[in-house]
Structures are given as C-alpha cells and as structure tokens.
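Novice: My questions concern the predicted model and sequence given below.
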Amino acid sequence: FNTQGLGILASPDDSNRFLYIDDIRTPSLIASWNVAHSDGMQVRPGDRIVAINEARGAYTMLTEIQAHKTGSFLRLLIEPSEPLLSDELVELFGCDARIGGGVFANGTTCGSSVGRLLCGCSH
C-alpha cells in the first residue's frame, strides 16, 4: 500500500462549511491522482472539499483527517472551483451543454436537478 501523505493544504471557508484547497504538495496521494487523471478530474487549489467520508463541516472534516490511521481510507467529495468545460462534460458524463438536453450514461438528463448539480448547465 501507499505511505505517501494526502498532500493537501486546506483552510475553512468563512461559514466553516467547507475546506478550500490552498495548495497541493508533491509527492503526495493527490499529486499522484492528478498525474493519473485528465484535467477535468484533477484536484486543484481553489477547489473545495465538501465531505470527507461521511463528515461534513470544516472542523469535523479536519478531525476526520487527523483521526486517519495508516491503512484506513479517506473518501473526499471535492467540488471544482471552476465549472467543467463542455468537452470535459461530454467526455465524463455524456452531457453536451452546447446542444442542450444532454443525457448522462445512467440515463439522467441534464435538465434534472442531479444533472445540473453535476455539470452546472442550464438545460
């Protein structure tokens, strides 16, 4: 298994609901993730961490990270600081905001609340 650290420097937002990623250190697990994934899936400074495992709230998430033991898992839910570009949406989800009415691989349409949450499009 990998013994690298997570590699994220993060700080709470003003409402203490999220953690904003200030920096990504190398070598680290997140830096390795970024090398292995396309631009649309990479973690970047400015992105916000919404949840870690089931923990939500900035200080609860920080506690979750601090309680992390070697060999255990951390699952991060991260929202990008910038909306994905249409080409990335087509590649990732099958949603093409340029033509409207895109449908995801699971059959969910972009016009649904789930679709808008994933891609940020308005159709």
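Specialist: Perfect, I can see it now.
Novice: When you work out contacts or count neighbours from here on, use the C-alpha atoms and nothing else.
Specialist: Fine.
Novice: beta partners for the residue lying closest to L76 once chain neighbours are set aside?
Specialist: Once flanking residues are discounted, L76 sits nearest to I52: 4.6 Å by Cα to Cα, 6 or more residues apart in numbering. I52 forms beta bridges with A55, L76, as assigned by DSSP bridges.
Novice: check contacts around I52.
Specialist: Residues near I52 by Cα atoms under 8 Å, 6 or more residues apart in numbering: 61, 64-65, 74-77.
Novice: I49: neighbouring residues, count only.
Specialist: Counted with other Cα atoms under 10 Å, residues neighbouring I49 total 24.
Novice: residue contacts, it?
Specialist: Neighbours of I49 in contact, by Cα under 8 Å, 6+ apart: 18-21, 76-79.
Novice: Mind putting these into a markdown table with neighbour count, distance to I8 and secondary structure?
Specialist: What follows is those, written out as a markdown table (neighbours: other Cα atoms under 10 Å; distance: Cα to Cα, whole Å; DSSP: H, G, I helix; E, B strand; the rest coil):
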| residue | neighbour count | distance to I8 | secondary structure |
| --- | --- | --- | --- |
| F18 | 23 | 14 | coil |
| L19 | 25 | 10 | strand |
| Y20 | 23 | 10 | strand |
| I21 | 20 | 7 | strand |
| L76 | 14 | 11 | strand |
| L77 | 13 | 14 | strand |
| I78 | 19 | 12 | strand |
| E79 | 17 | 14 | strand |
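Novice: quick one: the residue nearest to L76 from S38, how far?
Specialist: 22 Å (Cα to Cα, to the nearest Å).
Novice: what does I49 give?
Specialist: Distance from I49 to S38, by Cα to Cα: 19 Å.
Novice: quick one: buried residues of stretch 47-65?
Specialist: Within stretch 47-65, the residues that count as buried by 16 or more other Cα atoms under 10 Å are 47-52, 55-62, 64.
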